[in-house]
Each structure stands twice: as structure tokens, then as C-alpha cells.
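> fold the following, please.
(one chain, ligands or ions: 1)
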Amino acid sequence: MEIQHLTYTFPQQTTPFFQDLSFNLAAQHVNFLIGANGSGKTTLADLLTGLRQPDQGPLAVPRHALYLNQHLPMLMGVRISDVARLVLGIEYGRPQLTLTDLQPLVDAATFDFLTPIWQQHYGDLSGGQRKLVQLLLFLQVDRDFVVLDEPTAEIDREHAQYLFKVMQAHPQRTYLVITHDRRDLDAFNDYQVLWLADHQIKAALTKQAFKQQPPTASFLQAFQHS
Ligand SMILES: Nc1ncnc2c1ncn2[C@@H]1O[C@H](COP(=O)(O)OP(=O)(O)OP(=O)(O)O)[C@@H](O)[C@H]1O
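Take a look at the predicted model:
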């Protein structure tokens, strides 16, 4: 998936934030987008998913992306089963979705995670559990291009494994994952790392090339955990 000559100016600004930005997303792979705070990762994700319109540079990426950003609102009084009905009942035309109905519709990791909390209220879960409920349910919706903005922030390593398993259960998708946590990369056998700095993709590295970087490599500062 080639992104070519992308230029974007924020509203009420005169100087473009991105000017003539070009890079490749590895199709049917996990692409990690890293960069310092304020480097423009979320803005780039907004552009790739059509949430923001570029000044120029028609994007050769599908617009029907699944984009899970950092702000996922939810009513606290509803049960997990209601959340599942809201997300998957609509997608599959099954508004009365039961746990038994759910099993053939979702991957094993999602079913394992949701089964013990199916009747719990959303507001009774921890922040990390709530986030995982939303991530796992939305990741069951069938889309080729999936953009996740800091999906593992607030989620402990044990629970993050559910997310990684669900991503691995759908390897035909192209993922773009924004992260500040280097440990997220270790869950995958293959990936590309895109380093955003100075308003450009300054490096695009395969897993092998990434592993060979010295610990002093400047882009490693984009990680909060190592
Ligand atoms: N509407 C706006 N007008 C002008 N500048 C903006 C606007 N919105 C965001 N910015 C600036 O654009 C830059 C990129 O923001 P963005 O949220 O994309 O960064 P990020 O890399 O995702 O950061 P973080 O790692 O902190 O989430 C920031 O410096 C921000 O202040």
C-alpha cells in the first residue's frame, strides 16, 4: 500500500504539517508507527482513515478502514453482552445475540475473554478491561485495513496477549499500530517499523533490520518501555 506525496495543513494554519510525505505500508502485515509525542502519528492515522482530508495526495489506501483511536466512549450501566450486541449484533444482523450465538462469530481469544464477564456491567470493569472489550469486539468486524492508536496503553502485558492473539487470528489484514511500547513488537514474527520524525517517515525497517539497531539509535527514544 503506497502513500505518495501526502500534504496536510491543519485548519487555520498556513504551513503544512506534512509536506510531500511518501512511504509504503506493508500489506497483510503489522506496521508499527513510532515517534515522539507530537510527531504527528495520530494526525497521520486520521489522514489514512479519511478522518482528515489531505491538501493533496490521493491516498491509495482503502477508506473503509477500522480505526480504533484513543477515545472510545461507552455507557457505564450497560452489560458486556449489550456492548457485544451493539457492535456485533448490528454487524451480523443479530440484535438478540447470545453467548452461544457469539462463539462461531468470533475468534477463540475473544470468546475466552468475554465468556466470564458476559453478564457484568461495563462500569464494573477496570479501565484496561473496558478498553480490551471494545478493541476485541471491534476487531471482529471484518475490515482489510485496521488502524489502532496506542491499543496497549493502560493494558497490562497479560491482557495485551488477548489483543495480539486476535490480531494474529486475522493475518490477512493490514494493520497500522501506533505504539510507545517496544514490547508490543515482540508479539509478532514479522512486522515493519515506521519512524515518524521531523514531519517525515525517517526510517522504514523490517523486523530483522530493527533488531540490528544499536541501543543508541535515536528513534528508540520513541519508546517509553524497552
Ligand atoms: N488543530 C490543530 N492545529 C494545529 N496543530 C495541531 C492541531 N492538532 C494537533 N496539532 C499539533 O500537531 C502535532 C501532532 O499531533 P498528533 O496528535 O498527531 O501527535 P502524536 O504523534 O500522535 O502524539 P502523541 O504521541 O502524544 O499521541 C502536535 O504538535 C499537535 O500540537
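> all the helices of this protein, residue numbers only.
Along the chain, counting by DSSP state H, helices occupy 41-48, 80-84, 90-92, 99-102, 108-114, 127-138, 157-168, 207-211.
> figure out which of those helices is closest to the ligand.
Smallest distance to the ligand across the helices of the chain (C-beta to the nearest ligand atom): 3.4 Å, for helix 41-48. Heads up, the C-betas are built off the backbone N, CA and C, glycines and all.
> which elements pack onto that closest one?
Of the remaining helices and strands, those touching helix 41-48 by 3 or more C-beta pairs under 8 Å, 6 or more residues apart in numbering; DSSP states H and E are strand 2-8, strand 18-24, strand 30-34, strand 145-149, strand 174-178.
> buried residues in stretch 8-17?
By neighbour count on 16 or more other C-beta atoms under 10 Å, the buried set for stretch 8-17 is Tyr8, Pro16, Phe17.
> which residues touch the nearest residue to the second one once chain neighbours are set aside?
It stands for Pro16. Of all residues not flanking Pro16 in the chain, Thr9 sits nearest, at 4.5 Å (C-beta to C-beta, 6 or more residues apart in numbering). Counting by C-beta atoms under 8 Å, 6 or more residues apart in numbering, Thr9 touches Thr15, Pro16, Phe17, Asp55.
> quick check, the third one in contact with Phe10.
Okay, so that is Phe17. Yes - look at Phe17 against Phe10 with C-beta atoms under 8 Å: they come within range, at 5.8 Å.
> which neighbours do the two have in common?
Common neighbours of Phe17 and Phe10 (C-beta under 8 Å, 6+ apart) are Thr43.
> close to the ligand: what parts of the chain are there?
Phe10, Gln13, Phe17, Gly35, Asn37, Gly38, Ser39, Gly40, Lys41, Thr42, Thr43 (C-beta under 6 Å from any ligand atom).
> which among these count as buried?
Neighbour-count burial (16+ other C-beta under 10 Å) is assigned, among those, to Phe17, Gly35, Ser39, Gly40, Lys41, Thr42, Thr43.
> dump these into CSV; add pLDDT and distance to Val193 as well.
Formatted as CSV, these follow (pLDDT from 0 to 100; distance: C-beta to C-beta, whole Å):
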residue, pLDDT, distance to Val193
Phe17, 97, 22
Gly35, 93, 11
Ser39, 93, 14
Gly40, 96, 16
Lys41, 95, 13
Thr42, 93, 17
Thr43, 95, 19
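> on that earlier part again, nearest to Gln28 among the residues of the chain next to the ligand?
Within the residues of the chain next to the ligand, proximity to Gln28 (C-beta to C-beta) peaks at Lys41, which comes in at 21.6 Å.
> who does the residue positioned nearest the centre of the chain form a beta bridge with?
Nearest to the mean C-alpha position of the chain, counting by C-alpha atoms, centre = their mean, stands Leu148 at 1.2 Å. As for beta bridges, Leu148 partners with Leu68, Val177 under DSSP bridges.
> contacting residues around it?
Leu68, Leu135, Tyr175, Leu176, Val177, Ile178.
> before we move on, back to that, dump the buried residues of stretch 8-17 into CSV; add distance to Gln161 as well.
Output for the buried residues of stretch 8-17, formatted as CSV (distance: C-beta to C-beta, whole Å):
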residue, distance to Gln161
Tyr8, 35
Pro16, 40
Phe17, 35
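> any weak-confidence spans in this protein?
57-63, 70-73, 225-226 (pLDDT under 70).
> picking that back up, columns distance to Val106 on top of the contacts of Thr9, output as CSV?
Converted to CSV, the contacts of Thr9 look like this (distance: C-beta to C-beta, whole Å):
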residue, distance to Val106
Thr15, 46
Pro16, 42
Phe17, 38
Asp55, 40
